[in-house]
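**Student:** Pasted the sequence and its predicted model underneath.
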Amino acid sequence: MWIFGYGSLMWDEWETKFDGHKIDSAILPNYRRDFNKKSTVNWGKTESPAPTLGLEESQNAECTGSAFEFADDKEDVVLEYLTQREGTSFDLKKLTIILPDDRSIQAFVPVNRNTTSTYLGNLSINRRAEMARDASGTSGNCIDYVANIRNKLLELNIKDENVEGFWQAIQSIDSA
């Protein structure tokens with residue numbers, strides 16, 4: 001059983017509690033990272049929600065992340081954990097990912113639904129950057145959240161143009 005991670009799943013070693021094995025540099029075709037999910041607890045509040053990381057379907061895009069392999073008998077407990085961790089606005093979709101050795105496999109991928117009230121992808125990048133500037137929650141402020149994601153991806157040699165674009169939008173608002 002496989003899981004694909006594109007954000008904090010890539011670096012917080014969650015898989016070790018389920019005896020999982022991580023493979024970096026896996027590719028999820030036709031999806032891209034986007035700060036399109038509203039957080040009203042960890043990084044924002046109801047009155048000032050934070051845009052947090054999700055996926056957007058996008059033809060010809062590629063999202064570089066990590067693949068996690070687990071024993072088949074761990075499927076139920078791993079999927080239950082991910083459902084609790086990611087929240088009710090995400091679906092665990094079974095999608096094709098490409099491993100670094102060019103094997104194509106099926107993996108569960110947490111994909112946020114664009115039909116829920118937590119979806120922010122319909123707002124402009126500048127509006128979401130303004131929201132990020134004003135948001136903080138129980139885990140800290142949203143600007144630190146975005147900076148941490150950007151830095152972790154760069155540490156893994158992943159330069160994601162959407163993450164960079166969002167970071168630049170935040171920087172341009174802060175300097176205005």
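**Tutor:** Here it is on my side, so go on.
**Student:** Now the lowest-mean-pLDDT helix or strand in the chain: buried residues?
**Tutor:** Least confident helix or strand, the chain: helix 161-175 with a mean of 91, by mean pLDDT, DSSP states H and E. Buried positions in helix 161-175, judged by neighbour count with 16 or more other Cβ atoms under 10 Å: 162-163, 166-167, 169-170. For glycine as for every other residue, the C-beta is placed from the backbone atoms N, C-alpha and C.
**Student:** And the residues you listed, which is closest to Ser66?
**Tutor:** Using Cβ to Cβ, Val163 comes nearest to Ser66 of these, at 15.4 Å.
**Student:** Not counting its neighbours along the chain, what's nearest Glu75?
**Tutor:** Met1 (4.6 Å; Cβ to Cβ, 6 or more residues apart in numbering).
**Student:** nearest to Lys17, of the buried residues of helix 161-175?
**Tutor:** After measuring these against Lys17 - Cβ to Cβ - the closest member comes out as Val163, at 27.1 Å.
**Student:** I'd say the closest one and Arg150 touch.
**Tutor:** Yes. Between Val163 and Arg150 there is a contact at 5.3 Å, judged by Cβ atoms under 8 Å.
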